[in-house]
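A.B. asks: structure for the following, please:
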Amino acid sequence: MKRTIALPLLLITFMCGCTKESTEKQPIPSFIQGAKVASFASSSRNGTTEESLPIGSNLTFYSQGGIQAEEKEFSYNGTSWESDVQTEWEDTPQKTTVTAFCPPLYRDQHNFYQDGQLRDQLMAQGEYAYKESIILSFRHLFAQILFKVSHSLNQQISQIEFTPSVSVSGISPETGEITYQHTVSSLCMDKEQEGIYSFLIPPASQSIHIRIHTTTGSIHESTLETYPFQAGYTYTCPLKLSGEAQGISTVEDFIAFTYLINGESYGKRSLEEFGKKTGEKMTYYLNEDLTFTPEEAARVQMIGKYGFGSTTQKKAFNDIFDGQGHSLNNLRFEQPVDGSYYAGLFSGISATGVVRNLILSQAVYDKEEDTKKAAFLAGINLGEINHCILRDCTVENLRDDGEFGNISSRNEGIIANCQLHNIKFKNEVKVGSGITRYHYGKIINCAVNNCQFKKTSIGGGLICNIIKNGEIQNCYVSGNISQCYAICQQVQENNIIRCCFYPQSYTKAPIGNDYKSAPSDSLLKYGSQQAITEENLPKVLNQWISDSGKRLFPNLSFNTWEQGETLPAILVSP
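C.D. replies: Below you'll find the model as predicted:
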């Protein structure tokens, strides 16, 4: 999230009759440079952008060792920081420790608030060798919180008060260490038409009390429970009326959901916050795109515990999880799992369970030990996975005998309208499996694009590794397959493989062994020299949906296809 840094501009006007010459001191050039500022990060340590301080910005400079400075003031001229007093290295060769604050921070400063709001404070800190150029790089000392108020609630607001449980009482010029005190005053804000209320808070574990005054004179009160806020991060918190649409709206919500769905307590939270009853099932909703830090990802529990041994638990997800087209970003699969259980975000999806409309982006699987039956989304699928996308995910390490499938290690249910894009194995694995490793169910209307399975020692398949008593219909693949087969490595017993498309550039057979009952529309190439081209592939896929798809699967909603900017076909919503 980009942030514009506003610095106070002091205008001084001198009025006099006449002068012969200026008596002002001219700035002395300095070897101190650097004006980059790391922007507030949106709940992720990846992709932080930088901004530059404007010309005319001021700072206070503190240093010890090779440069001695106490509260020295500098101004930025667009290239370097200049002062009217020379800054020099001492004669004795020694390193220097530097701390700089913009806007200026003074040793005897006690007030860090303006109109009740904590002012943005930037700090640059570093250690430099003797006579090395000083290059300052700034970061935000405080955290930012952003409350998104629902439209229904915001229409009623006349004023809103926020009271963090702690406030800033001091900042050490040498270290930037912050001292705190208990908050006694509130920050009051008038209604914002967009329903977004943001302000800075100390980087500390704290709660925030919220008091909402409405136009009718009523008052709504709530408290954001104690949370460990970190400097330089933006935290988003939704506010809504009781009874408004439930769902998972924050990283903390999702972590709480994974505990509660497994039957474990999580503070005073309840599953009812995240979904609603639909018939005999609960439907849980993801309301926002969520991005996880490594520490947050480590707190996410695997949902369910489905074992593949006769003596192990068979605890699978029985309800509906609806991602509503939102994504879970930067999940990391590193936590140990008992070797006798399937592993994934969901250990198992039951025959009545449904996971739909969910995107996993930039997930990382990194486990050389524990379970060998694993996937990003579901260890085993007995139910329905519909309209789910895996994008830019990486398998870093895997057991030598790992049975990894990206959407599911073992599929006995239905996987429909799903897409893999840019999945890669960082280190060599024995078998590369695209959608699933073992396929005993149905894979319908799916695509695998640009997956890098080069580092496979004995091959694999972009759709699956082994199919037995299964179906694969109306799917297409693209990308560099190397040793993998376009569709499947091994075909066993009573399968239906129809209308599956792979690029004409693939010279390798699409299936690793003979598919003896292959009809004429089973495995088809597409490309510029074929009757089926990259331009008309979406039309061909959609024709199957209109004809065979609706007839064979009357209860299944299909996503249709259109040509993408760089792909022959991409799925779009119904």
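
A.B. asks: ranges for the helices of the stretch 351-500 of the chain?
C.D. replies: For the stretch 351-500 of the chain, none of the segments meets the definition of helices by DSSP state H, counting those that start in this stretch.

A.B. asks: got any ranges where the stretch 351-500 of the chain has weak pLDDT?
C.D. replies: Across the stretch 351-500 of the chain, the stretches falling below the confidence threshold (pLDDT under 70) are 427-430, 454-459, 480-482.

A.B. asks: which stretches of this structure form helices?
C.D. replies: Remark: helices assigned in the chain by DSSP state H are 151-154, 251-261, 294-299, 537-544, 550-552.

A.B. asks: what's the closest of those helices to Glu177?
C.D. replies: Smallest distance to Glu177 across those (Cβ to Cβ): 21.5 Å, for helix 294-299. Heads up, the C-betas are built off the backbone N, CA and C, glycines and all.

A.B. asks: flag every buried residue along that closest one.
C.D. replies: Across helix 294-299, burial judged by 16 or more other Cβ atoms under 10 Å covers Glu296, Ala297, Arg299.

A.B. asks: do stretch 365-373 as well
C.D. replies: Residues Tyr365, Lys367, Thr371, Lys372, Lys373 are the ones in stretch 365-373 that count as buried (16+ other Cβ under 10 Å).

A.B. asks: of the helices of the chain, which stretch is the most buried?
C.D. replies: Burial among the helices of the chain, expressed as mean neighbours by mean count of other Cβ atoms under 10 Å, is greatest for helix 251-261, which shows a mean of 21.

A.B. asks: mean confidence for that helix?
C.D. replies: Confidence over helix 251-261 (mean pLDDT, whole number) is 93.

A.B. asks: quick one: contacts of it?
C.D. replies: Applying Cβ atoms under 8 Å, 6 or more residues apart in numbering, the external contacts of helix 251-261 come out as 43, 227, 247-248, 265-267, 269-271, 273-274, 284, 286, 290-292, 296, 299-304, 317, 328.

A.B. asks: put the buried members of these into a ChimeraX selection.
C.D. replies: The following ChimeraX command selects only the buried members of the contacts of helix 251-261, with burial defined by 16+ other Cβ under 10 Å:
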select :43,227,247,248,266,269,271,274,284,286,290,291,292,296,299,300,301,302,303,304,317,328
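
A.B. asks: among the contacts of helix 251-261, which are in strands?
C.D. replies: Assigned to strands by DSSP state E, the following of the contacts of helix 251-261 qualify: Tyr227, Tyr284, Leu290, Thr291, Leu328.

A.B. asks: could you pull out the strands for the stretch 101-250 of the chain?
C.D. replies: Along the stretch 101-250 of the chain, counting by DSSP state E, counting those that start in this stretch, strands occupy 113-114, 117-118, 122-128, 134-140, 143-149, 157-164, 166-171, 178-182, 187-190, 196-201, 205-214, 219-228, 234-239.

A.B. asks: packing partners for the third one?
C.D. replies: Going back to what we said before, that points to strand 122-128. strand 96-102, strand 134-140 (3 or more Cβ pairs under 8 Å, 6 or more residues apart in numbering; DSSP states H and E).

A.B. asks: buried set for the last one?
C.D. replies: Just to be clear, that refers to strand 134-140. Ile134, Leu136, Phe138, Arg139, His140.

A.B. asks: surely Glu50 touches Phe40?
C.D. replies: No - applying Cβ atoms under 8 Å, one finds Glu50 not in contact with Phe40, separated by 11.6 Å.

A.B. asks: other residues contacting the lowest-mean-pLDDT helix or strand in the chain?
C.D. replies: Here the helix or strand of the chain ranked lowest by mean pLDDT, DSSP states H and E is strand 432-433, holding a mean of 75. In this structure, residues lying in contact with strand 432-433 by Cβ under 8 Å, 6+ apart are 403-406, 425, 453, 455-456, 459-461, 464-465, 483-484.

A.B. asks: mind doing that once more with 6 Å?
C.D. replies: The contact list for strand 432-433 (Cβ atoms under 6 Å, 6 or more residues apart in numbering) reads Gly405, Phe453, Thr456, Gly460, Asn465, Cys484.

A.B. asks: tell me the strands beside it, with direction?
C.D. replies: strand 460-461 (parallel) (DSSP bridges).

A.B. asks: hmm, who's touching the partner strand?
C.D. replies: The list of residues contacting strand 460-461 from outside it, by Cβ under 6 Å, 6+ apart, reads Val431, Gly432, Ser433, Cys484, Tyr485, Ile487, Cys488, Gln489.

A.B. asks: which among these gets closest to Pro54?
C.D. replies: Proximity of the contacts of strand 460-461 to Pro54, judged by Cβ to Cβ, is greatest for Gly432, which lies at 51.2 Å.

A.B. asks: the closest one - how many residues pack around it?
C.D. replies: Counted by other Cβ atoms under 10 Å, the residues lying close to Gly432 total 33.

A.B. asks: out of the buried residues of stretch 365-373, which are inside strands?
C.D. replies: Among those, the members falling in strands (DSSP E) are Tyr365, Lys373.

A.B. asks: need the buried residues of stretch 365-373 in CSV with distance to Val355, can you?
C.D. replies: Conversion of those to CSV gives the following (distance: Cβ to Cβ, whole Å):
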residue, distance to Val355
Tyr365, 18
Lys367, 22
Thr371, 19
Lys372, 22
Lys373, 18
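
A.B. asks: between the buried residues of stretch 365-373, which sits nearest Arg410?
C.D. replies: Using Cβ to Cβ, those come closest to Arg410 at Lys373, 6.6 Å.

A.B. asks: just list the residues touching the closest one, thanks.
C.D. replies: Under the criterion of Cβ under 6 Å, 6+ apart, the contact list for Lys373 reads Tyr342, Gly379, Glu403, Ser409.

A.B. asks: if we can go back for a sec, how about the ones in strands among the contacts of helix 251-261 in CSV, adding distance to Ala569?
C.D. replies: Formatted as CSV, the ones in strands among the contacts of helix 251-261 follow (distance: Cβ to Cβ, whole Å):
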residue, distance to Ala569
Tyr227, 43
Tyr284, 31
Leu290, 28
Thr291, 28
Leu328, 25
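
A.B. asks: farthest pair in those residues?
C.D. replies: Between any two of those, the greatest separation by Cβ to Cβ is 21.9 Å, found for Tyr227 and Tyr284.

A.B. asks: so for Tyr476, which of the helices of the chain sits nearest?
C.D. replies: If you check each of the helices of the chain against Tyr476 by Cβ to Cβ, helix 537-544 wins as the nearest, at 6.7 Å.

A.B. asks: thinking again about what came up before, can you redo the buried residues of strand 134-140 as CSV with distance to Leu122 and pLDDT?
C.D. replies: Compiled in CSV, the buried residues of strand 134-140 are given as follows (distance: Cβ to Cβ, whole Å; pLDDT from 0 to 100):
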residue, distance to Leu122, pLDDT
Ile134, 16, 94
Leu136, 10, 97
Phe138, 4, 97
Arg139, 7, 96
His140, 6, 97
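
A.B. asks: how about the residues you listed, which pair is most distant?
C.D. replies: Among the buried residues of strand 134-140, the pair separated by the greatest distance (Cβ to Cβ) is Ile134 and His140, at 20.4 Å.

A.B. asks: ok, Ala316 touching Thr352?
C.D. replies: No - counting by Cβ atoms under 6 Å, Ala316 stays clear of Thr352, with 9.1 Å between them.

A.B. asks: okay, these two: which has more neighbours?
C.D. replies: A count of neighbours by other Cβ under 10 Å puts Ala316 above the other of Ala316 and Thr352, at 24 against 15.

A.B. asks: tell me the contacts of Gly78?
C.D. replies: Contacts of Gly78 (Cβ under 6 Å, 6+ apart): Ile55.

A.B. asks: state the distance from it to Lys426.
C.D. replies: According to Cβ to Cβ, to the nearest Å, Gly78 stands 43 Å off from Lys426.

A.B. asks: next: Glu288.
C.D. replies: Separation of Glu288 from Lys426 (Cβ to Cβ) stands at 29 Å.
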